[in-house]
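# sequence unknown, structure follows:
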């Protein structure tokens, strides 16, 4: 892996920059590099965070020499093939679309010049890739939605978005893990918990995972409660 740049991110982190685009190949390289760093640099790093086209490596500047770590990172990266693409788990998510759970579904349909049922079919027909997890703990940024559904964020964000809300904005889709303000368009809701601190691994989704949405009716949704 040679198409990268390493720059300081403060005095306790290094940022590995890959080509700046939302792209499965670039994401796959970032995931592969992060895994290799975790495996080969365990004594030097505190944390490794995957971005859309980057990997941030956190370290203790009192115990780790940044220059030496940068050289170690370059060696790890050079050992990876240029086309290293790694996928994670395949996760299925049941969604009850529309109604009180998807108050923006009609607006999305109007934007797409489609019926609400067509929007549901378009949204659930894609297997999405998780690119980044953030904003709030566990929120998965997934791409790409069908071009007809690629509307911008809401002009007025909501002050409260219910946990489990499935939403779209700017060509991506996501699931709100907790009740929080948000500016994405709400099209449905799921019982899946992207974040649960009672689990051994609180975050359900990780960069590189693939996600499929499945439409369920209100009765089936309630039965999973």
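Perfect, thanks for sending it. All values reported here derive from a predicted model rather than from experimental measurement.
# Which strand residues bridge residue 195?
For residue 195, the beta-bridge partners are residue 203 (DSSP bridges).
# mind starting the numbering at 26 from now?
Sure thing, new numbering starts at 26, so read that last one as residue 220.
# residues contacting it?
161-164, 202-203, 227-229 (Cβ atoms under 8 Å, 6 or more residues apart in numbering). Glycine gets a C-beta too; all of them are placed from N, C-alpha and C.
# which of these count as buried?
Buried residues within these, defined by neighbour count using 16 or more other Cβ atoms under 10 Å: 161, 163-164, 202, 228-229.
# Adding pLDDT and distance to residue 179, write those residues out as a markdown table.
Putting those into a markdown table (pLDDT from 0 to 100; distance: Cβ to Cβ, whole Å) gives the following:
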| residue | pLDDT | distance to residue 179 |
| --- | --- | --- |
| 161 | 95 | 17 |
| 163 | 97 | 22 |
| 164 | 98 | 16 |
| 202 | 98 | 19 |
| 228 | 96 | 26 |
| 229 | 97 | 25 |
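# Identify the farthest-apart pair in those.
161 and 229 (13.3 Å; Cβ to Cβ).
# Residue 86: which of the contacts of residue 220 is nearest?
residue 162 (25.8 Å).
# mean confidence for stretch 52-63?
For stretch 52-63, mean pLDDT rounds to 93.
# Report the buried residues of that stretch.
Result for stretch 52-63 [16+ other Cβ under 10 Å]: buried residues 52-62.
# Distance check, the residue lying closest to residue 175 once chain neighbours are set aside against residue 87.
Distance criterion Cβ to Cβ, 6 or more residues apart in numbering; nearest residue to residue 175, sequence neighbours excluded, is residue 196 at 4.2 Å. Separation of residue 196 from residue 87 (Cβ to Cβ, to the nearest Å): 42 Å.
# again, but for residue 112
37 Å.
# okay, those two: which has more neighbours?
residue 112 (14 against 7; other Cβ atoms under 10 Å).
# my read: that one touches residue 232, true?
No: if you go by Cβ atoms under 8 Å, residue 112 and residue 232 don't touch, sitting 10.2 Å apart.
# Mind listing residues that contact the longest helix belonging to the chain?
What stands out as the longest helix in the chain, according to DSSP state H, is helix 49-65. Identification of contacts with helix 49-65 by Cβ under 8 Å, 6+ apart yields 26, 41, 43-44, 70, 73-80, 82, 97-98, 101-102, 104-105, 107-113, 154, 156, 232-233.
# how about residue 31, phi and psi?
Main-chain dihedrals, residue 31, degrees, to the nearest 10: phi -120, psi 120.
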